[in-house]
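S.K.: For reference, the sequence and a predicted model appear below.
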Amino acid sequence: MRNFLLPIVLACSLPTVTIAQQQDSLALRHLADEVLTHSTAYENLRTLTKQVGARLAGSPQMVKAEQWGFKALKAAGADTVYLQECLVPHWVRGAKEEARIISNRRDFIPPLNILALGNSVGSGSAGVTAPVLEVASFDDLEAKKDQVKGKIVFYNYHFNPTYVKTFHSYRDAFIYRAFGASRAAKYGALAVIVRSMSHGANNNPHTGAMAYDSAYPKIPAVAIGLQDADRLSDRVKNDPSAKVFLRTNCRMLQDTIGHNVIGELRGTKNPGQFITVGGHLDSWDVCEGAQDDGAGCVQSIEVLRALKAIGMRPTRTLRVVLFANEENGTRGAKKYAEVAKTRGEKHLLALESDGGGFTPRGFTSTMDPALKAKMISWKPLFEPYGMHDMGEEGGGTDVGQLHAAIGTPMLELYTDSQRYFDIHHAAGDVFEAVNKRELELGAFGMAGLIYMADLYF
């Protein structure tokens, strides 16, 4: 008798599933099937990375990438595609950097693997040769400030391995890349070397943007590979005669014209209201920018294609924005937000993908608590697709400009980040490092979130 009653008892104990929830679940299943079966994201990414390649703001490849984005949005079925002009910085790396340890010892010392940081000044043709002062942090720099003058300051700050979400490690460490040069120049440093923002197992240096404080001299700034960072640290500690020679050839040119590439799918009921989804079209010059952020661009285009393909057009106008110049200026996002504010546009939400095309785990967001609670209530609908982490505050760099300007709720696709900083801003960020299935699951997650928000926000 107990065996006969058990299914009835279990059924009575299960939560009630409403008709609306059943309909939403079926709609998301339909959307997932479309993306996982017919997605164009992976082939779009192949074209972007292999035919355009690196596309730093201001470069000829930036222009090619904009042309690619325009055509890709047209092919995806956008009702309207246009370019939104903005001025972007034009930093040029120049000839390959050089760095080596100079010592009175007679042992062979291989060159150091470095990359100039974005926006850095060059060293001049003679380069910089000076003793190295290693510091572990800004506090350590302050403690050693009397030793800085005439030295190359080496920020040997390690990526924190204890954070499971590795973007927390990045937020912790990037200040040394971004602000380390001026902090050291304040006390008379001639240049800075920064340990790469990574806990990878290779020796590839990772570039990235830095900024100068106008109160202090501009000095060259470079990133160094992790293995060479350890090697340099050991040498400085054990060889009093050691110096470093480094030469960089970068320079900043006048601002030039770039564009946000925007494609719209007109809303069925409220076309004057907008949902923004996007990624940034620019990349660093030393890689193909496949994960950062070609993946986000092609996922955003796929959102539009998939929704239109199966007749799930949102009631508001969907805008896919391929943002210009996220990497070293966010000029595209600032222009987009400026125009939205000037026009008095109403934006329901802004969603970004800039964490790579890795396995999606959920979304970070910053929005009204009531809206956030509503979004978190959708978690059971996304859990079958591996997306369950929806509580963390956040939002992307580009959509953050719109949030700051007009208060738009902002979200970012949260992906499994364990491999991201192995290749971030480094030579390993290539098409071959992207998994087709993971990329497509992320595109579905973004499309599904937009579908739900359009219904219930």
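M.R.: Happy to help now that I have it.

S.K.: And the next helix or strand past the helix or strand that contains residue 277?
M.R.: Per DSSP states H and E: residue 277 is located in strand 270-280. Going down the chain from strand 270-280, the next helix or strand is helix 295-309, by DSSP H and E.

S.K.: hey, C-alpha coordinates of that next one in CSV?
M.R.: The C-alpha atoms that make up helix 295-309 are tabulated as CSV, following Å, rounded to 0.1, in the frame of the first residue of the first chain:
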residue,chain,number,x,y,z
ALA,A,295,32.4,36.3,-28.5
GLY,A,296,30.1,39.0,-27.0
CYS,A,297,29.6,40.6,-30.4
VAL,A,298,28.6,37.5,-32.2
GLN,A,299,26.4,36.3,-29.3
SER,A,300,24.5,39.7,-29.4
ILE,A,301,24.0,39.4,-33.1
GLU,A,302,22.7,35.8,-32.5
VAL,A,303,20.2,37.1,-30.0
LEU,A,304,18.6,39.2,-32.8
ARG,A,305,18.8,36.5,-35.4
ALA,A,306,17.3,33.8,-33.2
LEU,A,307,14.4,35.9,-31.9
LYS,A,308,13.4,36.9,-35.4
ALA,A,309,13.9,33.5,-36.9
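
S.K.: Give me the packing partners of it, helices and strands only.
M.R.: Judged by 3 or more CB pairs under 8 Å, 6 or more residues apart in numbering; DSSP states H and E, helix 295-309 is in contact with helix 19-38, helix 41-47, helix 60-76, strand 251-265, strand 270-280, strand 316-323, helix 436-456. In this view, the C-beta of every residue, glycine as well, is placed from N, C-alpha and C.

S.K.: Highest mean neighbour count out of those?
M.R.: strand 316-323 (a mean of 28; mean count of other CB atoms under 10 Å).

S.K.: who are the neighbours of that strand, in terms of helices and strands?
M.R.: Contact partners of strand 316-323 among helices and strands, from 3+ CB pairs under 8 Å, 6+ apart: helix 60-76, strand 251-265, strand 270-280, helix 295-309, helix 331-343.

S.K.: quick one: the shortest one to strand 316-323, angle?
M.R.: Pointing back at strand 270-280 there. With axes from the mean of the first three to the mean of the last three CA atoms, to 10 degrees applied, the angle from strand 270-280 to strand 316-323 works out at 20 degrees.

S.K.: Where do the domain boundaries of the chain fall?
M.R.: Listed by automatic domain parsing, the domain ranges of the chain are 19-91+254-456, 94-249.

S.K.: Can you say which of those domains is packed in most?
M.R.: Across those, averaging neighbours per residue (mean count of other CB under 10 Å) puts domain 19-91+254-456 on top, at a mean of 21.

S.K.: hmm, back to that, let me have the helices and strands packed on helix 295-309 in TSV, extended by mean pLDDT.
M.R.: Converted to TSV, the helices and strands packed on helix 295-309 look like this (pLDDT from 0 to 100):
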stretch	mean pLDDT
helix 19-38	95
helix 41-47	98
helix 60-76	98
strand 251-265	98
strand 270-280	98
strand 316-323	98
helix 436-456	98
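
S.K.: SS state for residue 365?
M.R.: Three-state call for residue 365 (DSSP: H, G, I helix; E, B strand; the rest coil): strand.

S.K.: how much space between residue 179 and residue 119?
M.R.: 12 Å (CB to CB, to the nearest Å).

S.K.: Run through the chain and note the low-pLDDT ranges.
M.R.: Scanning the chain for pLDDT under 70 picks out 1-17.

S.K.: list the contacts for the nearest residue to residue 266 once chain neighbours are set aside?
M.R.: The shortest distance from residue 266 to any non-neighbouring residue, by CB to CB, 6 or more residues apart in numbering, is to residue 79 (4.8 Å). When contacts are counted by CB atoms under 8 Å, 6 or more residues apart in numbering, residue 79 touches 264-266.

S.K.: 10 Å instead, please
M.R.: Counting by CB atoms under 10 Å, 6 or more residues apart in numbering, residue 79 touches 263-266, 271, 304, 308, 313, 317-318.

S.K.: Please produce JSON lines containing these, extended by distance to residue 218.
M.R.: Rendered in JSON lines, the data for these read as follows (distance: CB to CB, whole Å):
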{"residue": "263", "distance to residue 218": "39"}
{"residue": "264", "distance to residue 218": "42"}
{"residue": "265", "distance to residue 218": "45"}
{"residue": "266", "distance to residue 218": "48"}
{"residue": "271", "distance to residue 218": "48"}
{"residue": "304", "distance to residue 218": "43"}
{"residue": "308", "distance to residue 218": "49"}
{"residue": "313", "distance to residue 218": "51"}
{"residue": "317", "distance to residue 218": "44"}
{"residue": "318", "distance to residue 218": "43"}
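
S.K.: Show me which of these is closest to residue 66.
M.R.: Of all the contacts of residue 79, residue 66 sits closest to residue 263, with 12.3 Å by CB to CB.

S.K.: I'd like the distance between that closest one and residue 294.
M.R.: From residue 263 across to residue 294, the span is 16 Å (CB to CB).

S.K.: hang on, the earlier thing: just send the helices and strands packed on strand 316-323 back as a markdown table, with distance to residue 386 too.
M.R.: Below are the helices and strands packed on strand 316-323 laid out as a markdown table (distance: least, CB to CB, whole Å):
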| stretch | distance to residue 386 |
| --- | --- |
| helix 60-76 | 25 |
| strand 251-265 | 26 |
| strand 270-280 | 20 |
| helix 295-309 | 15 |
| helix 331-343 | 29 |
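
S.K.: closest one to residue 174 among those?
M.R.: Here strand 270-280 is closest among the helices and strands packed on strand 316-323 (CB to CB), at 16.6 Å.

S.K.: So which residue is dead centre in the chain?
M.R.: Nearest to the geometric centre of the chain sits residue 354, at 3.9 Å (CA atoms, centre = their mean).

S.K.: List the contacts of it.
M.R.: Residue 354 makes contact with 278-280, 291-293, 295-297, 323, 326, 396-399, 412-413, 415 under the criterion CB under 10 Å, 6+ apart.

S.K.: still on that earlier bit, mind checking which of the helices and strands packed on helix 295-309 is nearest residue 108?
M.R.: With CB to CB as the criterion, residue 108 lies closest to strand 251-265 of the helices and strands packed on helix 295-309, at 32.9 Å.

S.K.: strands paired with the closest one, and their directions?
M.R.: Within its sheet, strand 251-265 is paired with strand 80-92 (antiparallel), strand 316-323 (antiparallel), according to DSSP bridges.

S.K.: could the ones you listed be laid out in a markdown table, adding distance to residue 24?
M.R.: Shown next, in a markdown table, are these (distance: least, CB to CB, whole Å):
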| stretch | distance to residue 24 |
| --- | --- |
| strand 80-92 | 29 |
| strand 316-323 | 18 |
